[in-house]
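[1] have a look at this fold, sequence not included:
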C-alpha cells in the first residue's frame with residue numbers, strides 16, 4: 001500500500017496547488033507525522049519534485065526530515081542531503097538506555113550519538129533533537145548531565161517536551177494498573193527550570209515554550225506555526241490552516257485513497273470565527289519570546305485585553321510570570337510553565 005499512498009500524496013499536492021496564491025512563497029517543507037524514513041530516496045525525490053513543480057519555493061527553504069537515530073545509516077544520510085533535505089529532526093528522547101527501553105524506543109544512546117555525528121559528517125549543519133523530561137525515574141542530576149551532553153553535540157536546535165499520559169496508550173494503561181508511576185507536575189517543573197537555566201547559561205535562545213536554539217537558529221517550520229502562518233499538510237490525517245479555516249484529512253488510509261482516486265478533496269473543514277482567530281493568536285503568540293501585540297489585539301480584533309483582565313494580568317506580573325513593554329505582552333521563562341493556563345484565561349467565546 002505504501003506505493004499507493006505515495007502516489008496519492010503526489011496527486012493531493014497537485015490537486016491542492018492553489019492553496020497558496022501566486023504571490024505566496026514556501027519557506028519550509030517538512031517530512032514528518034510518523035516514520036518518513038520508510039521512504040526511499042527515490043520516493044523522497046519524487047515528492048520534492050512534485051512540490052517544486054506546483055509551488056513557489058524560496059531559494060533557502062528549510063527542508064526537514066523527521067527521523068529516529070536507528071533510521072540513519074551513513075549512506076541514507078548522504079542521499080538525503082543530496083536530494084535537498086537540509087535539516088534533520090532526530091527523536092533521541094533520552095540518553096539513558098533503561099529509560100529508552102521504558103519508553104519502548106528501538107534505539108539506544110550510543111546509536112543516538114553516532115547518528116548525530118554521522119549526520120554532521122554527511123554535511124548537515126541544521127540538526128534538531130527531540131528530548132523528553134518529566135519521567136518519574138529521571139533524577140535531576142541525570143537530566144542536567146543529559147542537557148550538557150546534548151548541547152555539546154553538533155546540533156543547533158533542541159525541542160523538549162514533558163512526559164504526558166495520552167489516552168489509549170500502553171503507558172496510561174500501565175499507570176492505571178499501578179505498574180508505572182504517574183507523571184509528577186513537580187518533577188516536570190523542576191526538569192523544565194533546569195533546562196531553561198542550563199540552555200541560557202550556555203548561550204542558547206529560549207524562543208518558544210518547548211524550543212531552544214543557538215543564537216538566531218530558529219526553526220522555520222516551528223516559527224511559521226507559532227507565528228500563525230498558513231500551512232498545507234498532505235497525506236492521511238494531515239492538518240492544514242489558512243488563517244480563516246482549518247482542514248483535516250481523513251485518517252483512514254483506504255478511505256483517503258478512495259477520495260483521491262475519485263478526484264475528491266480528502267478533508268473536512270472548520271471555518272474559524274473572528275474569536276477563534278484571536279484565541280489562536282493568543283495561544284500561539286504567548287508561547288514565544290516575542291509575545292502578543294496589544295495594539296494588534298485592539299485594532300484587528302477590538303479586544304482590549306488589558307482592561308478586560310487587568311486583575312489577572314497584574315497578578316501574573318506580580319508572580320513574575322508575565323511582562324509588558326512597548327505594547328508587547330510576553331511570558332517570562334517562569335511564566336512559560338503556565339502558558340496554556342494563561343492564554344486560556346484570556347480566551348473569548
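    Nice, thanks for sending it over. Everything numeric in this text was worked out from a predicted model, so none of it was measured.
[2] look up phi and psi at residue 91.
    The main-chain torsion angles of residue 91 are listed as degrees, to the nearest 10 and equal phi -80, psi 80.
[3] residues touching the nearest residue to residue 291 once chain neighbours are set aside, list them.
    In this structure, residue 291 finds its nearest non-sequential neighbour in residue 330, 3.2 Å apart by C-beta to C-beta, 6 or more residues apart in numbering. For every residue, glycine as well, the C-beta is placed using N, CA and C. Residue 330 is in contact with 286, 289, 290, 291, 292, 322, 323, 324, counting by C-beta atoms under 8 Å, 6 or more residues apart in numbering.
[4] residue 233 contacts residue 239, correct?
    Yes. Taking C-beta atoms under 8 Å as the definition, residue 233 is a contact partner of residue 239 at 5.0 Å.
[5] before we move on, the earlier item: ok, the residue nearest to residue 291 to residue 205 distance?
    When distance is defined by C-beta to C-beta, to the nearest Å, residue 330 is 14 Å away from residue 205.
[6] shared neighbours of the two, anything?
    With contacts taken as C-beta under 8 Å, 6+ apart, residue 330 and residue 205 have residue 289 as neighbours in common.
[7] tell me which of residue 233 and residue 239 has more neighbours.
    residue 233 (18 against 13; other C-beta atoms under 10 Å).
[8] who touches that one in this structure?
    33, 239, 240, 247, 249 are the contacts of residue 233 under C-beta under 8 Å, 6+ apart.
[9] what's it sitting at in phi/psi?
    Here residue 233 shows phi and psi, under degrees, to the nearest 10, equal to phi -110, psi 140.
[10] which residue ranges of the stretch 151-300 of the chain form strands?
    With DSSP state E, counting those that start in this stretch as the criterion, the stretch 151-300 of the chain has strands at 157-162, 205-208, 211-213, 239-241, 245-249, 267-271, 292-293.
[11] no, scratch that, I was asking about the stretch 1-150 of the chain
    26-31, 57-67, 87-93, 127-133.
[12] contacts for the first one, please.
    For strand 26-31, the surrounding residues in contact (C-beta under 8 Å, 6+ apart) are 20, 39, 44, 47-48, 51, 55-58, 60-66, 85, 220-221, 224.
[13] make it 6 Å
    Outside strand 26-31, the residues that touch it by C-beta atoms under 6 Å, 6 or more residues apart in numbering are 55, 57, 58, 61, 62, 63, 64, 65, 220, 221, 224.
[14] before we move on, what about the third one?
    Where contact means C-beta under 6 Å, 6+ apart, the residues beyond strand 87-93 that reach it are 62, 64-68, 105, 112, 119, 124, 126-130, 132.
[15] can you list the strands that that strand pairs with?
    Counting by DSSP bridges, the strands paired with strand 87-93 are strand 57-67 (parallel), strand 127-133 (parallel).
[16] picking up where we left off before, what subset of the contacts of residue 233 is buried?
    The neighbour-count criterion (16 or more other C-beta atoms under 10 Å) marks 240, 247, 249 among the contacts of residue 233 as buried.
[17] looking at these, which is nearest residue 215?
    Using C-beta to C-beta, residue 240 is the member of these that lies nearest residue 215, at 31.8 Å.
[18] residues in contact with that closest one?
    Residue 240 makes contact with 232, 233, 247, according to C-beta under 6 Å, 6+ apart.
[19] go again using 8 Å as the cut-off
    For residue 240, the contacting residues are 19, 231, 232, 233, 246, 247, 248, 267, taking C-beta under 8 Å, 6+ apart as the criterion.
[20] pLDDT score for the spatially closest residue to the first one that is not a sequence neighbour?
    The one in question is residue 19. In space, not counting the residues next to it along the chain, residue 19 is nearest to residue 232; the distance is 4.8 Å by C-beta to C-beta, 6+ apart. Residue-level confidence at residue 232 comes out at 97, pLDDT.
[21] measure residue 232 to residue 58 for me?
    From residue 232 over to residue 58 the distance is 15 Å, taken as C-beta to C-beta.
[22] more neighbours: which of these two?
    Comparing residue 232 with residue 58 by neighbour count (other C-beta under 10 Å), the higher total belongs to residue 232, at 19 against 11.
[23] correct me, but that one touches residue 18?
    No. Residue 232 is not in contact with residue 18 according to C-beta under 8 Å; the separation is 10.5 Å.
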